[in-house]
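1. sequence first, then the predicted structure, then my questions.
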Amino acid sequence: MKISHQDYETVSVLTISGDFIHDDVEHFKRVASERRAAGIKHVLINCESLEFIDSAGLECWLRLQESLGEAGGQMRLLRPDQLLAKILALTRLDLAFEAHPNIESAIRSLR
C-alpha cells in the first residue's frame, strides 16, 4: 500500500494506492495520527486507486471514524469503485461510511 496526503485547512485527503491489508494498518494509523497532530479535523479517504481492502483495513477505517467523531471531526470516502461498494454493502458498512464522487461534494457534506 502507498499512502499520500493533501491538506486543505482542517481537511486531509488520504489517497491509498494498492491493497490495504492487515500488514498496512500500522502505517495507515501512523499517517492518520500525524495528520491529526498537524491540526487536521476531518479526513477524506480517496479510494480511486485502492485495489483491495481486507477486514483489518475496514476496521481501521471504523476506528479512525470513531476517534475523529470523538474530537468533533468526520470521515468520508471518495470515489469508491464497484468492488469496494459491494464489499461495503455485504458488510453493511455502507451504512457507516458516507461516500462521495468528488472532493467538493465531500467537503460540502462536512459543513
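-> Looks like it came in fine. Numbers count the residues shown, from 1 in each chain.
2. can you read off the pLDDT for the most centrally placed residue in the chain?
-> Geometric centre of the chain, nearest residue: residue 45, 3.2 Å, by C-alpha atoms, centre = their mean. Residue 45 is assigned a predicted lDDT (pLDDT) of 98.
3. by contact count, what packs against the helix or strand containing it?
-> Element membership for residue 45 (DSSP states H and E) is strand 42-53. Packing partners of strand 42-53 (3 or more C-beta pairs under 8 Å, 6 or more residues apart in numbering; DSSP states H and E): strand 11-20, helix 55-70, strand 75-78, helix 82-90, helix 103-109. All C-beta spots, glycine's among them, are computed from the backbone N, C-alpha and C.
4. partners of it in the sheet?
-> strand 11-20 (parallel), strand 75-78 (parallel) (DSSP bridges).
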